[in-house]
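A.B. asks: after the sequence you'll find the predicted model.
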Amino acid sequence: MGVVVIGSGIAAVAAVQAMRANRYEGEVTLVTNDEPPFYYRPMLPSLIDGSKTMEEILLTVDPVADFGAELVKGTVQGVNCAAKTVILSSGDVLGYEKLLVASGSSPSFPQIKGLDAEGVFTLRTMKDALGLCSYLQRTDVSKAVVIGAGLVGVRTAEALRRRGLAVTLVERLPTILYPVVDQVGAAIVASRLQKAGLEVIVGARAEQVLCSDGKVAGLRLASGEIPAEVVVVATGVRPNVGFLEGSGVDCRRGILVNPYLQTSQPDIYAAGDVVEYLGLLEDEPIVSPLWTTAVATGKVAGTNIAGGKMRCEEFLPVMSAAEIGGLPVIAAGLVAMEGNGYEVFERREGENYRKLVFKGDTLAGVLFVGEVEGAGVYVSLLKAQKRVGGLKRQIAARRLTYAQLVGSSGDD
Amino acid sequence: MDQVYVRPERCMGCRSCEIACAVQHSRSKTLFGAIREEPLPQKRIFVEAAEKIRMPVFCRHCDDAPCLAACITGCLYRDEKGFVRRKIERCIGCWSCIMACPFGVIIRDRRKRTAVKCDRCHELDVPACVAACPTRALVLVDVDALPKEKRRQVVLREAEGA
């Protein structure tokens, strides 16, 4: 009995850590089909360019060794809320007192033909990354296409380029990295990528993966064909909630939860990519497949499972940091939003670009490209939705420092 | 645990803490050696001024450290003394910690493309910034004893007033 956790990603690990920190001493069983179970998922592109080895991106925390959790390898097929059991595809059944669903998300694919050809990859799991690496090693690959220019797509394309391949990045939308950066930011970053030798094609819908002898031969767009021996699909993710169908756990896109991350079944909690929860800046609940969200929700769910009472902070649609084309980028909130009651302050000097989006007296979007130092001060203002009133112009005009916030706190 | 405590009303903005910090994190660990080093050593403490205040701002080694939660590489960790430090060989310069830090005190090493932050001079008894502060605007205090001292001061002030 005890607690069963579905998943072994960072949300699951953060939850186990929080359970133990809150003095839950009962059994904890993690069920996962990920192998190895614990690693830094955002680091997977580092395997492709060889800058890190598999061992180097394994999690530095081990829930089994450090927190006495038990690990069960398997795929969850269903949950029986009445009997309080988790059913695995092997037929095994695990009983629980409390269940945490942290099953993460899976790649979502465009509706095109040829995705079953040999040489089509995604980059979601360590298995995916190692599979791609070994394919690149044993096959004579010189050209790759990456479909989808979100953060994963761009970082994967860069890694493939650093490995020496000719790489084309194909994006359906008119700009890359939407909604992490706006048009101006996207142009700055795209030009860096092009300088690094990447071909970037935007506003182009992938129509078909071309095959020859069952192997990838290229990608067809409306505008023509791109020859390639490898296609990486990076067109976003969707929450893994299929196994909950008919279970009585209410889902929409993700699992619906209250502020304590309890689902419609009081003994079942959810954390990470599978959660659909209030957005800080939106009227509708949103999913937030981000590392920081996974860590935060894992902590909240774990604390509450252990008997605590911790509220989850509202979700942000964007909260990302990366170095792209050698250029640091930090973005949070509604960065690409224009008009409709939003007040925008932009400043650009060469490749240094800063954009602040205000809604009324509060920050709704923060984008820093280039000089990113101090971005966290703005991001924390945004997260707290602190009314900045008189400070707005000052905040927009020059670098906001922590001292300014301390100095102005008496004026509220 | 001892914490570096700031008394902004005492800060003159002399930046002695900044210099001491950079020197402590230089190769030579002397001022004259440090200023000739290439690249120059980086400070991890920042004297900031606003209309009504002047104060050094630096890493608080937060209990619930947002940088630690945001780190996607396993570079940041909490050491045995409770300080948030770097395993520098793990850093890939993704700047997640810069995004997460509400104090804005994590910076970049532009050559190595790694994050740079305060290590609380973990190998020293007294951090370099505290030792260098001429007005004792920076002091090491036992946080558990601090409220007691504050109460004592309030009582003393009240007594004087009466």
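C.D. replies: Cool, the structure landed.

A.B. asks: quick check: A:Ala14 is in a helix.
C.D. replies: Yes. Counting by DSSP: H, G, I helix; E, B strand; the rest coil, one finds A:Ala14 located in a helix.

A.B. asks: may I have stretch A:208-217 exported as PDB, CA atoms only?
C.D. replies: Only the C-alpha atoms of stretch A:208-217 are listed here, as PDB (Å, rounded to 0.1, in the frame of the first residue of the first chain):
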ATOM      1  CA  GLN A 208       5.000  14.200 -46.100                       C
ATOM      2  CA  VAL A 209       8.100  12.400 -45.000                       C
ATOM      3  CA  LEU A 210       9.600  11.000 -48.200                       C
ATOM      4  CA  CYS A 211      10.800   7.400 -48.000                       C
ATOM      5  CA  SER A 212      12.900   5.100 -50.100                       C
ATOM      6  CA  ASP A 213      13.200   1.400 -49.100                       C
ATOM      7  CA  GLY A 214      11.400   2.200 -45.900                       C
ATOM      8  CA  LYS A 215      14.100   4.800 -45.000                       C
ATOM      9  CA  VAL A 216      13.800   8.500 -44.800                       C
ATOM     10  CA  ALA A 217      14.700  10.200 -48.000                       C
END
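
A.B. asks: list the buried ones in it?
C.D. replies: A:209-211, A:216-217 (16 or more other CB atoms under 10 Å in any protein chain shown). (Glycine included, C-beta is placed from N, CA and C.)

A.B. asks: and which of those is nearest A:Tyr269?
C.D. replies: Nearest to A:Tyr269 out of the buried residues of stretch A:208-217 is A:Val209 (CB to CB; 39.3 Å).

A.B. asks: give the bridge partners for the closest one, please.
C.D. replies: According to DSSP bridges, the partner residues bridging A:Val209 are A:Leu219.

A.B. asks: quick one: contacts for it?
C.D. replies: A:112-115, A:117, A:120, A:216, A:218-220, A:231 (CB atoms under 8 Å, 6 or more residues apart in numbering or on different chains).

A.B. asks: just the buried ones from the residues you listed?
C.D. replies: Neighbour counting by 16+ other CB under 10 Å classes A:114-115, A:117, A:120, A:216, A:218-220, A:231 among these as buried.

A.B. asks: want to throw these into CSV with pLDDT?
C.D. replies: Shown next, in CSV, are the buried ones among the contacts of A:Val209 (pLDDT from 0 to 100):
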residue, pLDDT
A:Gly114, 97
A:Leu115, 97
A:Ala117, 97
A:Val120, 98
A:Val216, 97
A:Gly218, 98
A:Leu219, 98
A:Arg220, 98
A:Val231, 98
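
A.B. asks: save the residues you listed as JSON lines, and put in distance to A:Leu405 too.
C.D. replies: Listed next are those as JSON lines, based on distance: CB to CB, whole Å:
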{"residue": "A:Gly114", "distance to A:Leu405": "54"}
{"residue": "A:Leu115", "distance to A:Leu405": "50"}
{"residue": "A:Ala117", "distance to A:Leu405": "55"}
{"residue": "A:Val120", "distance to A:Leu405": "49"}
{"residue": "A:Val216", "distance to A:Leu405": "53"}
{"residue": "A:Gly218", "distance to A:Leu405": "54"}
{"residue": "A:Leu219", "distance to A:Leu405": "49"}
{"residue": "A:Arg220", "distance to A:Leu405": "53"}
{"residue": "A:Val231", "distance to A:Leu405": "48"}
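
A.B. asks: gap between the strand or helix carrying A:Val5 and the chain center?
C.D. replies: For A:Val5, the host element (DSSP states H and E) is strand A:3-6. Distance of strand A:3-6 from its chain centroid, counting by CA atoms, centre = their mean, to the nearest Å, is 22 Å.

A.B. asks: tell me what that strand is packed against?
C.D. replies: Judged by 3 or more CB pairs under 8 Å, 6 or more residues apart in numbering or on different chains; DSSP states H and E, strand A:3-6 is in contact with helix A:10-21, strand A:28-32, strand A:98-101.

A.B. asks: out of the ones you listed, nearest to A:Glu199?
C.D. replies: Here helix A:10-21 is closest among the helices and strands packed on strand A:3-6 (CB to CB), at 33.3 Å.

A.B. asks: coming back round to it: tell me the one among the buried ones among the contacts of A:Val209 nearest to A:Thr156.
C.D. replies: Lowest distance from A:Thr156 to the buried ones among the contacts of A:Val209 (CB to CB) belongs to A:Val231, with 11.2 Å.

A.B. asks: state the distance from that closest one to A:Leu130.
C.D. replies: To A:Leu130, A:Val231 is 18 Å away according to CB to CB, to the nearest Å.

A.B. asks: same check, this time on A:Met19
C.D. replies: Remark: distance between A:Met19 and A:Leu130 (CB to CB) = 31 Å.

A.B. asks: kindly report the same for A:Pro266.
C.D. replies: In terms of CB to CB, A:Pro266 sits 40 Å off from A:Leu130.

A.B. asks: quick one: which of those two has more around it?
C.D. replies: A:Leu130 (15 against 11; other CB atoms under 10 Å in any protein chain shown).

A.B. asks: now find how far off-centre the host helix or strand of that one is within its chain.
C.D. replies: A:Leu130 is located in helix A:126-138, with elements delineated by DSSP H and E. Mean-position distance between helix A:126-138 and its chain equals 21 Å (CA atoms, centre = their mean).

A.B. asks: what does stretch B:5-17 give?
C.D. replies: Worked out by CA atoms, centre = their mean, stretch B:5-17 lies 12 Å from the chain centre.
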